[in-house]
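**Q** my questions are about this predicted structure, shown below with the sequence.
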Amino acid sequence: MEVVAARRSSDARRMWARGTDGSGAAAGGFVQAAQFCELECEYCVVSPVGWPQDAAVRLISYLTGMLGLLFAGACVPVNPLAIASEGSTTVTSQTITASTSGGVLRVGQAAADLGTLDPHYASGTQDRALVDMVFNGLLRYKPGDVTTFEPDLATSLPNFTTTADGKQAWTFNLRKGVMCQPTDGVPAYELTSDDVVYSLQKAANKTTSAYSSDYAGMTFSSSDQYTVTITLDTPLSTALFYPRVANYSGGYIMCARPAQKLGSDGLKTHPVGTGPFMFKDYSPGEKVDLVANPAYFRGRPQLDGIEYRYMADLNSRELGLRSGQLDLIYGQQDDTWIDQLAGAPNIKVDVFGVGEVSTIYFNTAKPPFDNLQVRQAVASALNRDEFLALYGNKVAQKVFSPVPQQFMSGGLTQQELAANFVDFQYDPARAQQLLADAGFPNGFEFSAVTSEMPAYRVIYESMQSQLARIGIRMNLSVVDHATMHDQIRKDVNPLVVYVAFRPTPDAYLTQFFHSDAIVVTGKNPNTNFAHYDRVDSEIDGARGEADPVAQTNLWKEAQLRALEDVVAYPIQYTNQVYARSTNVDYGHDLTSAIQLYPVIDERTTISK
Amino acid sequence: MLRFVGQRFALSVPVVLSVVSLIFFAIRVLPGDPAQAALGENASRSAVEALRTRLGLDAPLPYQYARFLADLVHGDLGRSMITSTPVSDQVAYNLPFTLELTIFALAIGVVVGIPLGVVTAMRRNSLADVFGRIASLAGLCVPAFFLGILLILLFGVQLKLLPTIGGGSADAPADMLAHLVLPGLTLGLVMVASMTRLTRAAMLNVIGQEYVRTARAKGMREHAVVIVHALRPALLPIVSLTGVWAVAMVGDSVTTEVVFSRPGLGKMMVGAMLQRDYTSLQSVMVIYTLFVVGLNLVTEIAYGWVDPRVRG
């Protein structure tokens, strides 16, 4: 890969327009990509230039513009804002805009740049959102409602069968006529079971996927072009199996040929899937442009494309939306901000799930938190209402169990926990007494690192002031977010605040409470910051339990025990906050989204 | 003059080498694992270790340093640790945006600041002078990022006259210029304030001199006296200040690019820093170093050209 992403995509378009081998003689390329002809012709106008030429073109354009404005511009009324809204995309996209009526949705995302657009590695919201627009799963979460699964690339929701050797098998029938998007040297072609098997194998391989552990013990096979079977060594319930093959993390299906052509590095900035939108350009640190996929199997998207800008600064995003230069922005998880923006003309604020759960994990391997009474004292000294006040009750809601019962079965309600005396009610007098009983009548002092991100920092700071009331002095070091993640995985903090959403109760419990996941020393170190090892049998048992009621009970048992041992203190979940122009219609009712962004698909529209 | 230029150039080499080395080691001291950052927090330990090996992060630091210097000498800035794209391509994409912003802002500072300074000096204690002094003081007190937000609010949100996001399309010159106006003003107005005050002070020093009085006594026109006899000697500190401002603007462009979500080296640097992208970060910082050293070199040469005594 010797050229810039933008240039590479320009070349890709040329190749695509000319045929498979770029020779201009491959008629097959034209035939196979016939559905894309509308875009091909427009892409033909993009000339491939190297970066010195790019810079030269920019300089010449600049000088021409200066001269133009000096000599003629003064006589011609120019509306720069109109230029900004239409012209901020390239000439190519302007052509596309002119050819249809859908318009380009301009999104401002809270990030400095992309991380990776390889769906099997994408973990940040800024990446997951883009990946979701380009790829499909075998199944999908119903847009706007994470509680319901729908068939996506598969024709129906499967049921499992048991094989002769006693293994669980799930068979998927694939839709016919689903087209893999064309890319550099690989024309569009129909997705088949070979692609699906390739993708699932990639997701299950620890050297090509961050989510390989979700697919351990699975084998993938195809009996014909449109049939894929997944065989499991250890059976999984529907509640645990469906998320692994839905449009999330390793469940996104990648087309084999472009993936092999692009290689692991190419996939980071050049996603190629079967979804409603196709990759067009990546401008480093600035934006990613997507265009509508005219051959999308659910029909051509209403929008012509997406201009997805990386704008780390909230003020810039907000002002961009207010000035009409952006249509949709990532907002701030704060009721004051929501009220302020909701009052602005032509702007609507969406507050939706799923909420990321903030939980405090006590490191039971380090004094003084190895002492149960100290942990109980801290739990009694903390007041969820104070944490909640930091965000407001539009954004945040109390959570009493590590698995949020508001979003999935397997979580516990406050009543269930209160019946077992583990709902951790605020009781400073009890906290003082417990502390004295533990041998710390005057409290104690400890140090912890926190991320500079408000989602973490404000919780740590609130905790600091609450604990100070019972004599516990917490010294906080504020570090950048990546450093905090690095440090807490090295077991630096005696107490860790972690804010996360996981798609299943099993994922929550396995990653935060299974002994294999203990940081540093676990078999597969992950995020068990508590060094807890007393609920492995419940977690493992639930994973293989086919009966949903029994499974849920095991999850609840595991959480009850963990809470009795006070290794975690669940605080709250915080909803997602996005603001949009009232011209934007998602095309579905938005109550929750697994990717933590308001799903943009073929039904999304923007009226000008 | 050539000898003078050669000497200055030779002196710049050890400066560049020292700063580049400092950058390399300072970045390695930063906490956080770039391989973990590249793969995301969900990546397995083995995948992170494999990436560390592939990126050469597990090699001894002196080896990494030697390789970094060797690549740099060959003009190879490496590949981004996050996106794997060549950093030179990222720089090539972003550099023109930063250059045009800096040049545009400098032009505003010089073209507006110097005449304003001359006018306020020549009309000392007049209403125009008082107004100019107050305005320039206000300009110096406002941080660039704050001024940027004010300009966005006024011209973007309220008047909806100018675009406030992005850098515009190179294929549409008017669009490009429209995108340059507000960021350029944000950077340039602060320089106007500083330039006005300095020019005024320099001019006031000069216009009382006997040779200026002699020029007037000879019957020269006032504008000729001002431009030929007063302004030229006053240019020395102005040239110095322009060099200083050029350097400062390269730094200030970071915040301006972030506020206006404008592509550029500054925004690239902030992104690289947040993502622990060592290769991109050190490359941008090296480019900035070359920028600053280059600008100082140009200033010194210009100074030597304006005042032959400096060439010694």
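**A** Right, received. Where do you want to start?

**Q** host element of B:Phe68?
**A** Using DSSP states H and E, B:Phe68 sits in helix B:61-73.

**Q** avg pLDDT for that helix?
**A** Averaging pLDDT along helix B:61-73 gives 89.

**Q** ok, now stretch A:117-132?
**A** In this model, stretch A:117-132 has a mean pLDDT of 93.

**Q** so for the helix holding B:Phe68, what gets flagged as buried?
**A** Buried residues in helix B:61-73, counted by 16 or more other Cβ atoms under 10 Å in any protein chain shown: B:Gln64, B:Phe68, B:Leu72. In this view, the C-beta of every residue, glycine as well, is placed from N, C-alpha and C.

**Q** a markdown table please, covering those residues and showing distance to chain A.
**A** Listed next are these as a markdown table, based on distance: Cβ to the nearest Cβ, whole Å:
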| residue | distance to chain A |
| --- | --- |
| B:Gln64 | 19 |
| B:Phe68 | 20 |
| B:Leu72 | 18 |
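
**Q** read off the pLDDT value for residue 2.
**A** Just so you know, I chose chain A. pLDDT, read off for A:Glu2, is 33.

**Q** my question was about chain B, not that one.
**A** Looking at B:Leu2, its pLDDT is 81.

**Q** do the same with the one 5 residues further on
**A** According to the per-residue confidence, B:Gln7 scores 85 in pLDDT.

**Q** which residue packs closest to the closest residue to chain B within the stretch 301-450 of chain A, ignoring adjacent ones?
**A** Of the residues in the stretch 301-450 of chain A, the one nearest chain B is A:Ser323, at a distance of 4.1 Å by Cβ to the nearest Cβ. Spatial nearest neighbour of A:Ser323, excluding adjacent residues (Cβ to Cβ, 6 or more residues apart in numbering or on different chains): B:Gly156 at 4.1 Å.

**Q** for the chain, which spans come out with low pLDDT?
**A** As the question left the chain open, I've gone with chain A. Scanning chain A for pLDDT under 70 picks out A:1-101.

**Q** um, chain B though
**A** Using pLDDT under 70, the flagged stretches of chain B are B:31-32, B:40-45, B:312.

**Q** can you map out the strands along it?
**A** Counting by DSSP state E, chain B has no strands to list.

**Q** which residue is nearest the middle of it?
**A** Closest to where the C-alpha atoms of chain B average out (Cα atoms, centre = their mean) is B:Val250, at 1.7 Å.

**Q** surely A:Ser462 touches A:Asp385?
**A** No: here A:Ser462 lies out of contact with A:Asp385, judged by Cβ atoms under 8 Å, at a distance of 10.7 Å.

**Q** with neighbour numbers in mind, choose between the two.
**A** The neighbour comparison of A:Ser462 against A:Asp385 (other Cβ atoms under 10 Å in any protein chain shown) goes to A:Ser462, with 18 against 10.

**Q** got the contact list for A:Ser249?
**A** The contact partners of A:Ser249, taken as Cβ atoms under 8 Å, 6 or more residues apart in numbering or on different chains, are A:Pro119, A:His120, A:Ala122, A:Ser123, A:Ala203, A:Ala210, A:Tyr211, A:Asp214, A:Pro503, B:Asn42.

**Q** and the third one, how far from A:Tyr586?
**A** What that stands for is A:Ala122. 21 Å (Cβ to Cβ, to the nearest Å).

**Q** follow-up on the earlier one: wait, which of the contacts of A:Ser249 is closest to A:Phe444?
**A** Nearest to A:Phe444 among the contacts of A:Ser249: B:Asn42, at 34.1 Å, using Cβ to Cβ.
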